[in-house]
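Peer 1: sequence and computational prediction follow.
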Amino acid sequence: MHRRTFVKTAAGAGLGALVASRSSFAADAEVVLSPGTPGPVINPHVYGHFIEHLGGVIYDGIWVGRDSRIPNVDGIRRQFVDDMKRIGAPNLRWPGGCFADGYHWRDGIGPAEKRPRTYNFWEPRMPEGVRATETNHFGFHEFMRLCRLVGAEPYVAANVGSGTPKEFHDWVLYANAPPGTVTLAEERETNGAREPFAVRYWGVGNESWGCGGNMTGGEYATEYRKFVTQVPEYTRPYLVAAGPRGHSADMDLGWTEGFFEGLQGHHARVDGFALHYYTDFRQTPEDGARFDEKGWYAVLHKGLRIDAIIEDHWRLMGRYDPEHHTKYVIDEWGNWYRGGTELGPAYLLSQAITLRDALHTALTFDVFNRHAEKIEMANVAQTINCLHSLFAAVEDRYARTAVYHAFELYRPHMGARSVPLRTDVPDLSVPLLEGSGKIPGLSGSASVKDRRLTVTLTNPSLDAALTVRVRADGGGRVAEGRGRVLTHDDMTATNTFDDPDNVTLADLEVAVSGDSARVTIPARAVVALDLRVG
Ligand code: AHR
C-alpha cells in the first residue's frame, strides 16, 4: 500500500495548521501561484497531434472515402473533424512515423484512380492474411484538406531513409512556391490548389536511429546537412531534425551528442529537435485494459521520467547552442503497452485507453507547461485508433477516449503564459511492477491569459482525496472560480462504442474567498480550475 505520508507526520500537521491560519479555509495542502511573475508563453503547438499510415489510423479512422455512408467531408470522417475543432487541435504531423521514410510524396498526388499502390512499412507487422498495401488515396492534398477543415497547422515528416535531398526539395517547392513561378507550382494548381499550402513545419526524417535509416547521430548529421542546405526558403521552413529515442534506458544522450557534434563547423539550421518518449511497457505483461495498482502507479511513474529527459538533453544541447536557438519538437509521446487489446486485427498498435492514460496525459502536459521555454511543439502518438489515442473509430462506430477529455481540460493553457506553481504536498511511496518508487502527491501547472488563471492539478492516489487551497501570492484576489474534473471509481474505466461517456468530465465545486480558492480533488483525478483574479 502507498501512503500519503504527510497526513501522519508532524510536518503534515504543521502544514494543515498553516493553511488554516491564512484563510477561513481548512485544507490538506496548499498550492501557491505567482501570477505576478509569469513565465514564457506555452506554445499552442504543445497540444499537437500525429497521424500515420498505420493500421486503422488513416484508413477508416480518418479517411472513409467520398462515397462512404459514414458522414464525411470530402472523404474525411466528419465526427473526427468536429472533435478536433472542439479541442482546438493546433497541428497535425503526417505521414509518419516509420511510414514516412518509405513514403514518396508524388505517389499521393494527382487523380486518385491513377495513383500507384505501394508498399507500407507496417506490412510485415500485420496479422496473417491482412494486408497493409497503400492505396495512396489519402495523399498530400487530402492531408492539407484535413488540416484546413480542423484549423490545424500541417507538420510534414519527409523521407530521409529511402528518399533524396531532391525529393525533399521538390516537396517543399510543390507545397510552398507562389503561383505562376516554378513548374511544380503549376502542377499543384492542376491538382486543385492554386495558392501555396504554406507548410512551415518540416521534419527531416523520423527516428533516423531506427526505421528512418539506422544511422548514428554523426551519420545523420551528414545527411541532415545535405537535406537542408538547398531547401527552398518559401514560407521560411521550420526544420526539425530527428532526435533521440528518449525511452532508451540511457535516454539516448549519445544520439544528441553525435548529431550536434556532427554539425560542428558547418552551417545547417536546426530549428527543432524531435525528441521521442514512449512510456514503454512492451516488454512487460502490462496491457492497456487490465491492471492493478502496481500497473497504475508504474505507468504514471515512468511517464514522469520525461521531465528528466527534457532536462538532460537540453543541458547537452546547450553545450553546442548556448542560446538555445533549437527547441524541442516532442513529436511522438504516449503510452505503449504489450498489445492484446486492439480494436481488431487490422488496427495495428491500437490499444485500450483508460483513466490511467488520461492521468498520464495530464502529468505529461504539466511537465511540458513547466518547460514552456524549451518546447516548440509536441505531438501525441497517435490521435486515433493507435497507441495513446483520443478517438476510436471502426466503420460507423466511434468514441472519444479518456485521453480526449484530458486534452479538453488542458485547452485553456494553449497560448497562455505559464505561471510558477509551488506545492508542498509530499511524495507518495507507491508500488511499481518491480519494487516501489515515489511520485509527487500532487502535480500541476498553471497559466494566465486575460486575468484568468488556469490551474491543472492531478491527484494520482488510488485511495485518498485531497482538499487543496490554491492561493495567488502578491495579494491578488480570486474573484470567481470554476472547476472541472476527470475521474472514475474504477481505475480501469474506459470508453467503449457501447458506453462512450463512461469516462467524462464533470463540474467540480470551487469555493472562493479572499486570495484563495479551495477544491477537493477526488482520488485518481485530474482537475482544471478557471480562476478570475481581481
Ligand atoms: O507511433 C508508432 C511508431 O513509433 C512510429 O511509427 C515510430 O516513429 C515510432 O517508433
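Peer 2: Nice, I can see it.

Peer 1: close to the ligand: what parts of the stretch 151-300 of the chain are there?
Peer 2: 206-207 (Cβ under 6 Å from any ligand atom). C-betas here are computed from N, CA, C, even on glycine.

Peer 1: distance check, Asn420 against Arg282.
Peer 2: For residue 420 the amino acid is Pro, not Asn. As defined by Cβ to Cβ, to the nearest Å, Pro420 lies at a distance of 37 Å from Arg282.

Peer 1: the more surrounded of the two?
Peer 2: More crowded of Pro420 and Arg282, by other Cβ atoms under 10 Å: Pro420, with 16 against 11.

Peer 1: contacts only, for that one.
Peer 2: Shown in contact with Pro420 (Cβ atoms under 8 Å, 6 or more residues apart in numbering): 33-34, 37, 39, 446.

Peer 1: can you tell me how far it is from the ligand?
Peer 2: 34 Å (Cβ to the nearest ligand atom, to the nearest Å).

Peer 1: quick one: that residue from Asp499, how far?
Peer 2: For Pro420 relative to Asp499 (Cβ to Cβ), the value is 40 Å.

Peer 1: assign whichever residue of the stretch 401-534 of the chain sits closest to the ligand to helix, strand or coil.
Peer 2: Nearest residue of the stretch 401-534 of the chain to the ligand: Val403, at 14.5 Å (Cβ to the nearest ligand atom). Recorded secondary structure, Val403: helix (DSSP: H, G, I helix; E, B strand; the rest coil).

Peer 1: does it touch Leu390 like I think?
Peer 2: Yes: counting by Cβ atoms under 8 Å, Val403 touches Leu390, with 5.1 Å between them.

Peer 1: quick check: neighbours shared by the two?
Peer 2: Both Val403 and Leu390 are contacted by Val380, under the criterion Cβ under 8 Å, 6+ apart.

Peer 1: returning to what we had before: need the contacts of Pro420 in CSV (columns: neighbour count).
Peer 2: As requested, the contacts of Pro420 are exported to CSV (neighbours: other Cβ atoms under 10 Å):
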residue, neighbour count
Leu33, 27
Ser34, 17
Thr37, 9
Gly39, 17
Ala446, 30
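
Peer 1: put together JSON lines for those, with secondary structure on each row.
Peer 2: Listed next are the contacts of Pro420 as JSON lines, based on three-state DSSP:
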{"residue": "Leu33", "secondary structure": "strand"}
{"residue": "Ser34", "secondary structure": "coil"}
{"residue": "Thr37", "secondary structure": "coil"}
{"residue": "Gly39", "secondary structure": "coil"}
{"residue": "Ala446", "secondary structure": "strand"}
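
Peer 1: next up, phi/psi of the residue of the chain found nearest the ligand, please.
Peer 2: Distances between the chain and the ligand by Cβ to the nearest ligand atom are smallest at Gly97, namely 2.8 Å. Main-chain dihedrals, Gly97, degrees, to the nearest 10: phi 70, psi 180.

Peer 1: what about it, how many neighbours?
Peer 2: 28.

Peer 1: how about Arg125?
Peer 2: Applying other Cβ under 10 Å, we find 13 residues neighbouring Arg125.

Peer 1: what do you get for the one 3 residues further on?
Peer 2: As a burial measure, the neighbour count of Glu128 was computed by other Cβ under 10 Å and equals 5.

Peer 1: per-residue confidence at it?
Peer 2: Predicted confidence (pLDDT) at Glu128: the value is 89.

Peer 1: repeat for the one 10 residues further on
Peer 2: According to the prediction, Phe138 has pLDDT 98.

Peer 1: got the contact list for His325?
Peer 2: 270-271.

Peer 1: how does it look with 10 Å?
Peer 2: The contact partners of His325, by Cβ atoms under 10 Å, 6 or more residues apart in numbering, come to 269-271, 317.

Peer 1: could you pull up the contacting residues of the nearest residue to Ala465 once chain neighbours are set aside?
Peer 2: Nearest non-adjacent residue to Ala465, counting by Cβ to Cβ, 6 or more residues apart in numbering: Pro522, 5.0 Å away. Counting by Cβ under 10 Å, 6+ apart, Pro522 makes contact with 459, 461, 464-466, 485-489, 506, 508.

Peer 1: what's the distance between Pro522 and Pro95?
Peer 2: Distance from Pro522 to Pro95, by Cβ to Cβ: 41 Å.

Peer 1: same deal with Trp333?
Peer 2: Using Cβ to Cβ, Trp333 is found at 18 Å from Pro95.

Peer 1: would you double-check that Ile439 falls in a helix?
Peer 2: No: counting by three-state DSSP, one finds Ile439 to be strand, located in no helix.
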